[in-house]
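Colleague: just coords:
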């Protein structure tokens, strides 16, 4: 008789938005386990099971409720009940973005793949609206767990040599469903290529019609028929927003700007507190021609791919005290969320691999305080380099604070904001309220030094941005008087007495061209001789 499982035996969190997606998840589980009790404040409905030795807990958003907020609530409640969940998957259906370079078809699978500074997902409807009308996206999200990214590489490599295992999973499930549903066709069945129609982006669906049979089929785009009905897998950037994408022209515009290959709605609510990989089966083309014919099959292909991915990860036995989102064993009473308000945004970032590697090499230990000084000409890219390091290594820090080190005034404001952010995540620290009300900077500095030097609170990062020493201002009194943690300073002048100095030079020619193309939106700038003068001083957008 198998031992009774407890909440702490489950290490994989799997979240769906629709009951159909949860049904597909149940179909790919190797075994389904008995349900467990849950606290009264947890309103989720769970399905428990296992895949390749991993105990998996599946949850679905409440019926009829979608979007980032609902996903955040479900993820938060799951983690509060199943404390040992280490990996997260967001699995379901999405809208594909077909293009000349990415031949996406209905039923295919899209997997979020980290690119540059993005963790594989981007929120397309959140940011600052510029004078040109373009939205400048701000904020950042956490990367998926490294074990998931390693498994992702393994699966991609396997698919280059052999047929994907998830094809077999889909076939076996459909064959089984056909035997069980002799009279009614399965909702998960393959609809057929004849029902996969892509209309021109500017041709809208007739709103009064439930399907596309009354649409003008002369507006359909001719595409080469695939020889196999087996779904393909595409890796890239998945966009999410608070509304369903239903406009072909907007879809294509955003895809050209950001490199998006899929649209969905839930990822933003999960990535920072439930860092996960997003897996989407394509059920439509993110335009007005939506119908439900492909939803079941797309949900199944996504779930089957998720099963293959988990099968590429060795069985995990949860370690005491290990929680998803922490990445490292650190006391949770020091965790502070990394906000986007008090730091610069990053729109484009290219190159700088050598500098990033040097930063990492010089702050690998947490046993003593490590300081790195990024120095170089104004506008050369020091701030963006510091931000890139922060985003790449965010999973290793419990707290990150960004200080404007321009002068005494900006530093005072930054310190008070730091105190406010700590209070926001730790409201029990009531002594900070009076400090904020009085704007008592001296008291805030004293408290910050004490907090940063607390035993166990050694995985923090402080960035002092835009520091220039003058006769009236020195950064030294503002540096924490502690023997742990990491510090980054951006400045025009090198000062080895502050820490290890890294000179930030101009970008290489290829990176300069790429950055200029991304910034301008023009990808036809290829004359290196014309571009050479501009590469003398190729700034990284913000510094």
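Modeller: Structure received. This is a predicted model, so every value here is computed, not measured.

Colleague: Count the residues that sit near residue 481.
Modeller: Neighbourhood size, residue 481 [other C-beta atoms under 10 Å]: 12. To be clear about C-beta, it is placed using only N, CA and C from the backbone, and glycine gets the same treatment.

Colleague: That one is in contact with residue 446, isn't it?
Modeller: No: contact between residue 481 and residue 446 fails when scored by C-beta atoms under 8 Å: they sit 10.0 Å apart.

Colleague: what's the distance between the most centrally placed residue in the chain and residue 187?
Modeller: With distances taken as C-alpha atoms, centre = their mean, residue 119 lies nearest the centre of the chain, 3.9 Å away. As for residue 119, its distance to residue 187 is 32 Å (criterion: C-beta to C-beta, to the nearest Å).

Colleague: Would you map the strands across the stretch 201-350 of the chain?
Modeller: 233-240, 260-264, 276-284 (DSSP state E, counting those that start in this stretch).

Colleague: what is the rounded mean pLDDT of the first one?
Modeller: Okay, so that is strand 233-240. Mean pLDDT, strand 233-240: 90.

Colleague: go on, the longest one?
Modeller: Over the span of strand 276-284, the pLDDT mean works out to 92.

Colleague: Quick one: list the elements packing against it.
Modeller: With contacts taken as 3 or more C-beta pairs under 8 Å, 6 or more residues apart in numbering; DSSP states H and E, strand 276-284 sits against strand 87-96, strand 109-112, helix 146-161, strand 260-264, helix 295-311.

Colleague: That one - which strands sit beside it in the sheet, and in what orientation?
Modeller: Here strand 276-284 is paired, per DSSP bridges, with strand 87-96 (parallel), strand 109-112 (antiparallel).

Colleague: Which one, of those, ends up nearest to residue 214?
Modeller: Closest to residue 214 of the strands paired with strand 276-284, according to C-beta to C-beta: strand 87-96, at 21.5 Å.

Colleague: what residue ranges in the stretch 401-543 of the chain score low on pLDDT?
Modeller: 507-543 (pLDDT under 70).

Colleague: can you pull out the strands in it?
Modeller: 460-467, 486-491, 500-503.

Colleague: how about the shortest one: buried residues?
Modeller: By 16 or more other C-beta atoms under 10 Å, the buried positions in strand 500-503 come out as 501, 502.

Colleague: Quick one: residues in contact with that strand.
Modeller: For strand 500-503, the external contacting residues (C-beta atoms under 8 Å, 6 or more residues apart in numbering) are 355, 358-359, 362, 370-376, 494-495.

Colleague: Then the longest one?
Modeller: By C-beta under 8 Å, 6+ apart, the surrounding residues in contact with strand 460-467 are 334, 343-344, 383, 386, 390, 393, 397-406, 452, 475, 478-480, 485-491, 543.

Colleague: who does that strand pair up with?
Modeller: In the sheet, strand 460-467 lines up with strand 399-404 (parallel), strand 486-491 (parallel) (DSSP bridges).

Colleague: Comparing these, which stretch has the densest surroundings?
Modeller: Of the strands paired with strand 460-467, the one with the most neighbours on average (mean count of other C-beta atoms under 10 Å) is strand 486-491, at a mean of 24.

Colleague: outside of that one, which residues touch it?
Modeller: For strand 486-491, using C-beta under 8 Å, 6+ apart, the contacting residues are 359, 363, 366, 369-375, 382-383, 385-386, 389-390, 397, 405, 460-469, 475, 479-480, 498-499, 543.

Colleague: surely residue 36 meets residue 8?
Modeller: No: with contact defined as C-beta under 8 Å, residue 36 and residue 8 do not form a contacting pair (10.4 Å).

Colleague: These two - which one has more neighbours?
Modeller: Using other C-beta under 10 Å as the criterion, residue 36 and residue 8 rank with residue 36 on top: 16 against 13.

Colleague: orientation of whatever helix or strand residue 47 lives in relative to helix 295-311 in degrees?
Modeller: Residue 47 belongs to strand 46-51 when assigned by DSSP states H and E. Angle, strand 46-51 to helix 295-311, by axes from the mean of the first three to the mean of the last three C-alpha atoms, to 10 degrees: 50 degrees.

Colleague: next helix or strand past strand 46-51?
Modeller: strand 54-60.

Colleague: That next one packs against which elements?
Modeller: Strand 54-60 packs on strand 12-16, helix 19-28, strand 46-51, helix 68-81, going by 3+ C-beta pairs under 8 Å, 6+ apart.

Colleague: switch the cut-off to 10 Å
Modeller: strand 12-16, helix 19-28, strand 31-33, strand 46-51, helix 68-81, strand 87-96, helix 295-311 (3 or more C-beta pairs under 10 Å, 6 or more residues apart in numbering; DSSP states H and E).

Colleague: which regions of the stretch 251-400 of the chain lie under the pLDDT threshold?
Modeller: Using pLDDT under 70, the stretch 251-400 of the chain drops low at 266-275, 315-332, 338-353, 364-368.

Colleague: rerun that using 50 as the cut-off
Modeller: Across the stretch 251-400 of the chain, residues meeting the criterion (pLDDT under 50) sit at 317-331, 340-341, 346-348, 350.

Colleague: the helices in it, which residues?
Modeller: 295-311, 353-362, 382-392 (DSSP state H, counting those that start in this stretch).

Colleague: in the first one, what's buried?
Modeller: The one in question is helix 295-311. 295-311.

Colleague: what does stretch 104-117 give?
Modeller: Buried, per 16+ other C-beta under 10 Å, within stretch 104-117: 104, 105, 106, 107, 108, 109, 110, 111, 112, 113, 114, 117.

Colleague: Adding pLDDT, write the residues you listed out as CSV.
Modeller: Output for those, formatted as CSV (pLDDT from 0 to 100):
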residue, pLDDT
104, 94
105, 95
106, 94
107, 96
108, 97
109, 97
110, 96
111, 96
112, 92
113, 87
114, 80
117, 60
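
Colleague: Dump the strands paired with strand 460-467 to JSON lines, plus distance to residue 25.
Modeller: What follows is the strands paired with strand 460-467, written out as JSON lines (distance: least, C-beta to C-beta, whole Å):
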{"stretch": "strand 399-404", "distance to residue 25": "34"}
{"stretch": "strand 486-491", "distance to residue 25": "40"}
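
Colleague: looking at those, which is closest to residue 419?
Modeller: Using C-beta to C-beta, these put strand 399-404 closest to residue 419, at 9.9 Å.

Colleague: ok and the closest one relative to helix 382-392, angle-wise?
Modeller: 170 degrees.

Colleague: centre of the chain versus strand 399-404, how much separation?
Modeller: 20 Å (C-alpha atoms, centre = their mean, to the nearest Å).

Colleague: Stretch 147-166 now?
Modeller: Chain-centre distance of stretch 147-166: 20 Å, with C-alpha atoms, centre = their mean.

Colleague: Thank you kindly, that will do.
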